[in-house]
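*Asks:* Give me the fold of what follows.
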Amino acid sequence: MGRGKPGSKLHVLSDRRGLLLVVGISTGNVHDSQGLKPMIDGHMRHAFEKGPKRRIGKLYADKAYDIPELRRWLARQRIKPRIARKGIEPDDRLGRHRWVIERTLAWLTGYRRLTLRYERHPANYLAFLGLAAALVCHKRLIRLTT
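*Replies:* Take a look at the predicted model:
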C-alpha cells in the first residue's frame with residue numbers, strides 16, 4: 001500500500017454488455033486515470049492474438065479521465081475517447097453508457113471478500129478479484145445464452 005489514502009481501488013474494463021475484459025487493483029491514493037493505460041495494454045496484448053475483432057473501438061469514461069495526454073495516447077492506440085470534458089459537458093450525457101460499468105462494479109462488490117479488503121497482500125486480493133470476475137462472467141454468460 002502507498003502512503004495517503006488507505007485501501008485499494010478496483011479498475012475494470014468491460015464490454016458494452018458488462019462482461020469483464022480486464023480487472024486490476026491499485027493503491028487508494030492513485031488517481032483513476034493512472035490505471036487506464038495498464039488496463040488497455042493488458043487487453044490489447046490479448047486482443048492482438050485474437051484478431052482485429054477484439055480491438056477496442058470506443059472508450060466511455062467519466063470526467064476523471066479527461067486528461068489531454070491520455071486522450072492523445074488513446075488516439076495513438078486508435079481508440080475513440082468518449083470522455084466527458086471537465087467544465088463543459090454534464091455527466092448525465094454519458095449516463096446511458098456509464099451505468100453498465102457501475103452495474104458491473106456492483107456485481108463485483110456483491111462478493112463480501114471484495115467489499116472490504118481483508119487481505120494483507122495485494123496478490124491475494126487480486127486473486128479473489130479474478131475469481132469474482134470469473135463468477136460474474138459465468139453468471140452473465142449463462143443469462144445471455146439461456
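*Asks:* going forward, measure contacts between C-alpha atoms and count neighbours the same way
*Replies:* Will do.
*Asks:* just checking, what packs against the longest helix seen in the chain?
*Replies:* Longest helix of the chain, by residue count under DSSP state H: helix 122-145. Packing partners of helix 122-145 (3 or more C-alpha pairs under 8 Å, 6 or more residues apart in numbering; DSSP states H and E): strand 20-27, helix 95-109, helix 112-115.
*Asks:* okay, those, which one's buried deepest?
*Replies:* Highest mean neighbour count among the helices and strands packed on helix 122-145 (mean count of other C-alpha atoms under 10 Å): strand 20-27, with a mean of 18.
*Asks:* and that one, which strands flank it?
*Replies:* strand 8-14 (antiparallel) (DSSP bridges).
*Asks:* and the angle from the strand it pairs with to helix 122-145?
*Replies:* With axes from the mean of the first three to the mean of the last three C-alpha atoms, to 10 degrees defining the directions, strand 8-14 sits at 30 degrees from helix 122-145.
*Asks:* Let me know the average pLDDT across stretch 22-29.
*Replies:* Over the span of stretch 22-29, the pLDDT mean works out to 81.
*Asks:* Only alpha carbons, please: show that stretch as PDB.
*Replies:* Output in PDB follows, covering the C-alpha atoms of stretch 22-29 (Å, rounded to 0.1, in the frame of the first residue of the first chain):
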ATOM      1  CA  VAL A  22      -9.700  -6.800 -17.600                       C
ATOM      2  CA  VAL A  23      -9.600  -6.200 -13.900                       C
ATOM      3  CA  GLY A  24      -6.900  -4.700 -11.700                       C
ATOM      4  CA  ILE A  25      -6.200  -3.000  -8.400                       C
ATOM      5  CA  SER A  26      -4.100  -0.100  -7.300                       C
ATOM      6  CA  THR A  27      -3.500   1.700  -4.100                       C
ATOM      7  CA  GLY A  28      -6.100   4.100  -2.800                       C
ATOM      8  CA  ASN A  29      -4.100   7.200  -3.300                       C
END
